[in-house]
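Asker: Sequence and predicted structure, then a few things I'm wondering about:
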Amino acid sequence: MKFVAAILKPFKLDDVREALSEVGVSGITVTEVKGFGRQKGHTELYRGAEYVVDFLPKVKLEVAVTDEQLDAVIDAITKTANTGKIGDGKIFVYDLEQVIRIRTGETGAEAL
Amino acid sequence: MTNAVRILFPLALLLATGAAFGDEAAAPPVPNKGDVAWMLTSTALVLLMSVPALALFYGGLVRTKNMLSVLMQVFVVFSLITVLWCIYGYSLAFTEGNPFIGGLDRLFLKGTFNPADGSFSMAATFSKATVIPELVFVAFQATFAAITVCLILGAIVERIKFSAVLIFSVIWFTISYLPIAHMVWFWMGPDAYTGPEVVDAMTAKAGQIWQWGALDFAGGTVVHINAGVAGLVGAYLLGKRVGYGREAFTPHSLTLTMVGASLLWFGWFGFNAGSALEANGFAALAFINTFLATACAVLSWTFGEWLLKGKPSMLGAASGAVAGLVAITPAAGNVGIPGAFVIGFAAGLVCLWGVNGLKKLLGVDDALDVFGVHAVGGILGALLTGVFNSPDLGGPGFVVDWVTAKTGFSSIGAQFLVQAKAVGVSVVWTAVSALIAFKIADVLVGLRVSEEEEREGLDITAHGESAYRY
């Protein structure tokens, strides 16, 4: 099993969620986050005071998938979250040791 | 008689039950219901300028953690000054005394209403035989005194102790606002000028700056210069906020700031047009000038910022509105339409410099730019009033003879100098008063909260509550 974390532009979240549903992903966790990559920040000016805003708002999407689903999931995210402009985000893939459904105690792929 | 001029806020106390003038003793003048209704309305409009308008304008500009402290400081200081006004403030500002301060005849507003026969004392306006109930004038002026002290708060927010705010307010109001209001606005009223033989005697009873002939329609010196300079002194004494220049002090809600600025504009019609004290042509002139100059200042600030800084900002437009309102205040009923155009456009640009170049030059953490907008805009307006009052530039001139109510004008150079003198006295007087008032507060309770409290935010540490729950 794999654990996929993707940093996205916030307005792309709905498209990505739909695309993931279509490839059979049954659960997603989303967090509002801030950060920077190559896009860097921007400057804000309030009367005489100038502030550099380093951290831009992004969403972090987390999803656990089977090994077989992984390629389709990565494909779905890459296609839908892509605007071609700097700041589209990144996808991180981790090995996932175990999954447990708390209600039933099921484990592994059964619990996804 | 040399210097009797048209200026704001006469106050001959024509007691309805008082002595009549001479044997021919006509019946005392009866207030016009239109005037009274307009002045009551104006008073409520000026109240709106402090709570909520100024509180929201300032509140939106601070960080979330200090929002309530700003609202609270404005709300309580407004109430505090209103109470002091009715106890002794009105009497010291607007009764006969010496050229610097009034007397104690109206302590606790005594003598304004006679329960025995249900009669009210009357206050003079700018027209002969035209009066309004003195209590309307008391209330109208109370809102001026209260907002002036509230304006200062913008310079010292986010780090001052609440107790220090209150102590400072009481002292500064007493030793700066009251004398300056008396010096600029107190005079005996048009009906006191019964003939050429009393002119010098009556003029000598007026406030010092009024005697010089300075024009201040609704408070360029009394309100804005007074508050703006006091704010700068306070910001200097308090020192910079923790993290100033290193951390981002971004406004937490420019939406509220825009709402506040808009309500200020709305309420300012009461402030300026109400300062005519009558519902007449001068009220209309002050009204349109307030309207027009503000719009001009919004445009000049916006385009100036766009040109110099790259983007036209909402905060810039809102600041431009306030700058225009401030600058047109002393001029409102004292200049014509050309004056409103020039003063408005100039205010936006000069105050834009006030919060940028000048602020950097001063190096003081005047948190919400009280000096850069109110003192700078007030000085600009006060000086240009002396220029655009001239009938050659479309202004109405001023009354040169109160016996016949004849208007005229001296010369732009002469009037400009008189205005500059009034500005100079106000600046020095309020600076010294503010220094004394802040120093006393410092000795009694200390001015500044601890660094830890400042970091945590004044809402929680001073007031035990927070502005927003999500």
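Answerer: Now that the structure is in, tell me what you want to look at.

Asker: measure the spatially most central residue of chain B to residue B:208 for me?
Answerer: For chain B, the residue nearest the mean C-alpha position is residue B:223 (2.6 Å; CA atoms, centre = their mean). Distance of residue B:223 to residue B:208, given as CB to CB, to the nearest Å: 18 Å. Using the backbone N, CA and C atoms, a C-beta is placed for each residue, glycine as well.

Asker: repeat for residue A:6
Answerer: 73 Å.

Asker: Just the endpoints, please. Distance across stretch A:45-57?
Answerer: Start-to-end span of stretch A:45-57 (CA to CA, to the nearest Å) is 18 Å.

Asker: returning to that earlier point: tell me who's in contact with the residue nearest to the centre of chain B.
Answerer: Listed by CB atoms under 8 Å, 6 or more residues apart in numbering or on different chains, the contact set of residue B:223 reads B:144, B:147, B:148, B:151, B:329, B:378.

Asker: Make a markdown table from these and add distance to residue A:101 and neighbour count to it.
Answerer: A markdown table is the format used below for the contacts of residue B:223 (distance: CB to CB, whole Å; neighbours: other CB atoms under 10 Å in any protein chain shown):
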| residue | distance to residue A:101 | neighbour count |
| --- | --- | --- |
| B:144 | 69 | 25 |
| B:147 | 63 | 26 |
| B:148 | 67 | 26 |
| B:151 | 62 | 28 |
| B:329 | 70 | 32 |
| B:378 | 70 | 32 |
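
Asker: Any part of the lowest-mean-pLDDT helix or strand in chain A near chain B?
Answerer: Among the helices and strands of chain A, strand A:49-53 carries the lowest confidence by mean pLDDT, DSSP states H and E, at a mean of 86. Yes. Judged by CB under 8 Å from any CB of the partner chain, strand A:49-53 and chain B are in contact via A:49, A:51, A:53.

Asker: Tell me the buried residues in stretch B:337-357?
Answerer: Of all the residues in stretch B:337-357, those buried under the rule 16 or more other CB atoms under 10 Å in any protein chain shown are B:339-356.

Asker: which strand of chain A spans the most residues?
Answerer: Counting by DSSP state E, the longest strand found in chain A is strand A:56-65.

Asker: Report the buried residues of it.
Answerer: Within strand A:56-65, the residues scored as buried using 16+ other CB under 10 Å are A:56, A:58, A:59, A:60, A:61, A:63, A:64, A:65.

Asker: Show me what that strand is in contact with.
Answerer: A:1-10, A:13, A:16-17, A:20, A:25, A:27-36, A:39, A:41-42, A:73, A:77, A:87, A:89, A:96, A:99, A:112.

Asker: can I assume residue B:399 sits in a helix?
Answerer: No. Read with DSSP: H, G, I helix; E, B strand; the rest coil, residue B:399 is strand and lies in no helix.

Asker: Residue A:6 and residue B:208 - which one has more neighbours?
Answerer: residue A:6 (26 against 19; other CB atoms under 10 Å in any protein chain shown).

Asker: helices and strands around the least confident helix or strand of chain A, which ones?
Answerer: In terms of contacts (3 or more CB pairs under 8 Å, 6 or more residues apart in numbering or on different chains; DSSP states H and E), strand A:49-53 is packed against strand A:42-46.

Asker: picking that back up, who wins on neighbours among the residues of strand A:49-53 next to chain B?
Answerer: residue A:49 (17 neighbours).
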